[in-house]
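S.K.: this one's sequence-less:
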């Protein structure tokens, strides 16, 4: 069917009465789209008379009109007619507005009001409308009678469609659909609630579920609650060495193992990647201690993961409900106790006490003073000798930082370095250490110097460029510098670490792997990274004269490293017996109090001159 063009004098019969017509179309929405505003008053007057019960709106463009239509649908009105009044306007504007409506409202009735001489408007309307049989063109000037009849005829077509859509069969199907949707929604809500409270990998509660359970128990005023936090020591090395799939497998096995020893009424949760929480109530000190030892034993058991034998330890922190405080405070206390266990060397069990709060406050105070201390010159550098194992000749020295605080006195590095690492101040402090050490190297004519880089420093995107720039500023050749890195710094991003180390070594900088033997798989890195030296950790040196296994490990590692062309330094040498044993193991260089405590730049310079004359 072609579009209907209605001139002003074509429709001669009188329209039906407004009262009779209004009763037939209670759900009609007529939308006028016109940029003419008040100039469409003649059209609006006719529309009000023709469809007195219809909701009529006027909008300047299709976008705003469609928004109103959507609102009308939510109010259960049936949208019937879009009326375009672009008399005297650009034909392109009309075409664009019709096109926008047709793209969204594929079955709507369209009415275009056009002047008789605006043939281009008529042509454009016919070309754009997707269904010409739903397009009516009303020519102006408007005849009131014919315009009313046209509008009412269009409304009758809409009424038939409305009646069809509201048939009893459709209504019944809609009710059934809604019931099904409600059932599906209820099921999804149950799944969502379960997912929100449970860990997807292990199936036990997650942190949110754990806190929710603790809160519920405290509200019910049950027996005193005990919160146990467990963290797997050095778990990250498993992910980085064997892959995240292996790490997930290990977490699931450990979780299942812990679940088997949870007492009746207890709750287990995975509150972090490698962290678990246990909630038990009304247990004695002995009972809590026994449970924690069982957990440690379970976590420490050797397991086969991805074809490799893996053995970890676990640090545990405990908070016991002893006052009128809620879940937030209990969780905080358990976390503080866990951090204390980690700081005390890992694989430890700690119960929260007031001293831990005091320690935390002291750490916060240290943190607040450190930045001022760095700005005001409270930090200084000292240097510890590294000597030839055979003849004691001074080879190089390690740069070490000290802090002389007016408030706290001589603050040990073991106290302020971890705080600086946690807060990020280690970046500024590390830069100062590097610059000052290189200046001292140049001023006091050290033959070479060994500088530690923290984990955060090494993770900086431009760490290599920084070190080389500081060396150039101090006029120190790169081949006089050795950087000491821990295994943790390297394994955080293996590919990136490899690229940085290659860049530094190509520039002449030597690389040493510090604290060797304390990590998960240090032997892997000897062949994987560009290294020049390994420093055997003091924990092996301490027992080398009394523990045959320690001596065998040092000898084997030294032999392997030497075969790969690496230099070996043993740290923490304090006795002649240790020196003799290390020489027998093949160590070429030694460091420790036997050869000198950390000293000033002037003192180490004098030592260089005296030892190497």
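M.R.: Arrived safely, thanks for sending. Predicted, not measured: the structure shown is a model, and the values here were computed from it.

S.K.: Helices of the stretch 451-600 of the chain, start to end?
M.R.: 455-459, 463-474, 487-491, 494-507, 522-528, 538-541, 548-563, 576-585 (DSSP state H, counting those that start in this stretch).

S.K.: Where does the prediction get shaky in the stretch 151-300 of the chain?
M.R.: Counting by pLDDT under 70, the stretch 151-300 of the chain shows low-confidence ranges at 161-166, 168-169, 221-222.

S.K.: Go through the helices of the stretch 451-600 of the chain and pick out the most buried.
M.R.: When you average the neighbours per residue for each of the helices of the stretch 451-600 of the chain (mean count of other Cβ atoms under 10 Å), helix 487-491 leads with a mean of 22. Just so you know, the C-beta spots here come from the backbone N, C-alpha and C atoms, and that holds for glycine as well.

S.K.: quick one: average confidence on that helix?
M.R.: Per-residue pLDDT over helix 487-491 has a mean of 76.

S.K.: counting contacts, what elements does it pack onto?
M.R.: Using 3 or more Cβ pairs under 8 Å, 6 or more residues apart in numbering; DSSP states H and E as the contact criterion, the elements in contact with helix 487-491 are helix 235-242, helix 455-459, helix 494-507, strand 510-516, helix 522-528.

S.K.: domain ranges for the chain?
M.R.: What automatic domain parsing lists as the domains of the chain is 4-166, 207-352, 366-611.

S.K.: Now distance to residue 191 too, for those, in CSV please.
M.R.: Conversion of the domains of the chain to CSV gives the following (distance: least, Cβ to Cβ, whole Å):
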stretch, distance to residue 191
domain 4-166, 28
domain 207-352, 14
domain 366-611, 36
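
S.K.: Name the single longest strand found in the protein.
M.R.: Taking residue count as the measure and DSSP state E as the definition, the longest strand of the chain comes out as strand 394-405.

S.K.: Now stretch 434-446: buried residues?
M.R.: Residues of stretch 434-446 classed as buried under the neighbour-count rule (16 or more other Cβ atoms under 10 Å) are 434-442, 444, 446.

S.K.: likewise stretch 395-407?
M.R.: Taking 16+ other Cβ under 10 Å as the neighbour-count basis, stretch 395-407 is seen to contain the buried residues 395-401, 403, 405.

S.K.: try stretch 52-64
M.R.: 54, 56, 58-59, 62.

S.K.: Now flag whichever of the residues you listed is closest to residue 301.
M.R.: Within the buried residues of stretch 52-64, the smallest distance to residue 301 is 70.0 Å, found for residue 62 (Cβ to Cβ).

S.K.: What distance do you get for that closest one to residue 91?
M.R.: Using Cβ to Cβ, to the nearest Å, one obtains 15 Å as the distance from residue 62 to residue 91.

S.K.: what do you get for residue 327?
M.R.: When Cβ to Cβ is the yardstick, residue 327 and residue 91 sit 69 Å from each other.

S.K.: Those two: which is more packed in?
M.R.: Neighbours of residue 327 and residue 91, each counted by other Cβ atoms under 10 Å, are more numerous for residue 327; the result is 20 against 17.

S.K.: Please pull out the lowest mean pLDDT helix or strand from this structure.
M.R.: Lowest mean confidence among the helices and strands of the chain (mean pLDDT, DSSP states H and E): helix 18-24, at a mean of 45.

S.K.: tell me the mean pLDDT over whatever helix or strand comes next after it?
M.R.: Next along the chain after helix 18-24, taking DSSP states H and E as the criterion, comes strand 28-33. Averaged over strand 28-33, pLDDT sits at 85.

S.K.: Give me the distance between strand 28-33 and the centre of its chain.
M.R.: Between the centre of strand 28-33 and the centre of its host chain there is 49 Å, according to Cα atoms, centre = their mean, to the nearest Å.

S.K.: what's the answer for stretch 539-548, then?
M.R.: 43 Å.

S.K.: Show me what it is in contact with.
M.R.: Residues from elsewhere that reach stretch 539-548, judged by Cβ atoms under 8 Å, 6 or more residues apart in numbering: 517-518, 550-551, 553-554, 570-573, 575, 577-578, 581-582, 585, 592.

S.K.: rewinding a little: so which of the domains of the chain comes closest to residue 198?
M.R.: When the domains of the chain are compared for distance to residue 198 using Cβ to Cβ, the nearest one is domain 207-352, at 6.0 Å.

S.K.: Quick check: end-to-end length of that closest one?
M.R.: Between the opening and closing residues of domain 207-352 we find a distance of 20 Å, counting by Cα to Cα, to the nearest Å.

S.K.: where in this protein is pLDDT low?
M.R.: Looking along the chain with the criterion set at pLDDT under 70, you get 1-27, 74-80, 130-132, 161-166, 168-169, 221-222, 323-324, 492, 517-527, 611-613.

S.K.: Please name the nearest non-neighbouring residue to residue 379.
M.R.: Computed as Cβ to Cβ, 6 or more residues apart in numbering, the closest residue to residue 379 that is not its neighbour in sequence is residue 403, at 5.3 Å.

S.K.: for the one you found, which residues make a bridge with it?
M.R.: residue 379, residue 411 (DSSP bridges).

S.K.: so what's it up against?
M.R.: Applying Cβ under 8 Å, 6+ apart as the definition, the contact partners of residue 403 turn out to be 370, 373, 378-379, 410-411, 413, 416.

S.K.: quick one: residue 296 from residue 274, how far?
M.R.: Spatial separation of residue 296 from residue 274 under the definition Cβ to Cβ is 15 Å.

S.K.: which SS state does residue 226 fall under?
M.R.: strand (DSSP: H, G, I helix; E, B strand; the rest coil).

S.K.: Helix or strand: which one has residue 273?
M.R.: Remark: residue 273 resides in no helix or strand, with elements defined by DSSP H and E.

S.K.: cool, and the one 4 residues further on?
M.R.: Assignment of secondary structure by DSSP H and E places residue 277 within strand 275-281.

S.K.: name the helices or strands packed onto that strand?
M.R.: For strand 275-281, the packing partners by 3+ Cβ pairs under 8 Å, 6+ apart are helix 207-219, strand 225-233, helix 244-259, strand 267-270, helix 285-300.

S.K.: Just give the strands next to the second one in its sheet, each with its orientation.
M.R.: This points to strand 225-233. Each strand that pairs with strand 225-233, with its direction, by DSSP bridges: strand 275-281 (antiparallel), strand 313-320 (antiparallel).

S.K.: what's the closest non-adjacent residue to residue 436?
M.R.: residue 381 (5.2 Å).

S.K.: That neighbour is in contact with residue 603, isn't it?
M.R.: No: here residue 381 lies out of contact with residue 603, judged by Cβ atoms under 8 Å, at a distance of 11.7 Å.

S.K.: Now for the residue nearest to residue 314 when sequence neighbours are not counted, how many residues are close by?
M.R.: If you skip the residues right next to it in sequence, residue 314 has residue 299 as its closest partner in space, 3.8 Å away by Cβ to Cβ, 6+ apart. Here the number of neighbours of residue 299 (other Cβ under 10 Å) works out to 23.

S.K.: Residue 258 is in contact with residue 299, correct?
M.R.: Yes: the pair residue 299 / residue 258 is scored as a contact, 7.4 Å apart, by Cβ under 8 Å.

S.K.: can you redo the helices of the stretch 451-600 of the chain as TSV with distance to residue 266?
M.R.: Compiled in TSV, the helices of the stretch 451-600 of the chain are given as follows (distance: least, Cβ to Cβ, whole Å):
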stretch	distance to residue 266
helix 455-459	36
helix 463-474	46
helix 487-491	34
helix 494-507	39
helix 522-528	38
helix 538-541	36
helix 548-563	38
helix 576-585	47
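
S.K.: Which one of those lies nearest to residue 345?
M.R.: Judged by Cβ to Cβ, the one of the helices of the stretch 451-600 of the chain that comes nearest to residue 345 is helix 538-541, at 10.2 Å.

S.K.: Now do the longest helix seen in the chain: which elements does it pack against?
M.R.: Among all segments of the chain classified by DSSP state H, the helix with the greatest residue count is helix 168-197. Here helix 168-197 touches helix 207-219, going by 3+ Cβ pairs under 8 Å, 6+ apart.

S.K.: Now do the buried residues in the helix it packs on.
M.R.: In helix 207-219, the ones that count as buried by 16+ other Cβ under 10 Å are 207, 209-211, 213-214, 217-218.
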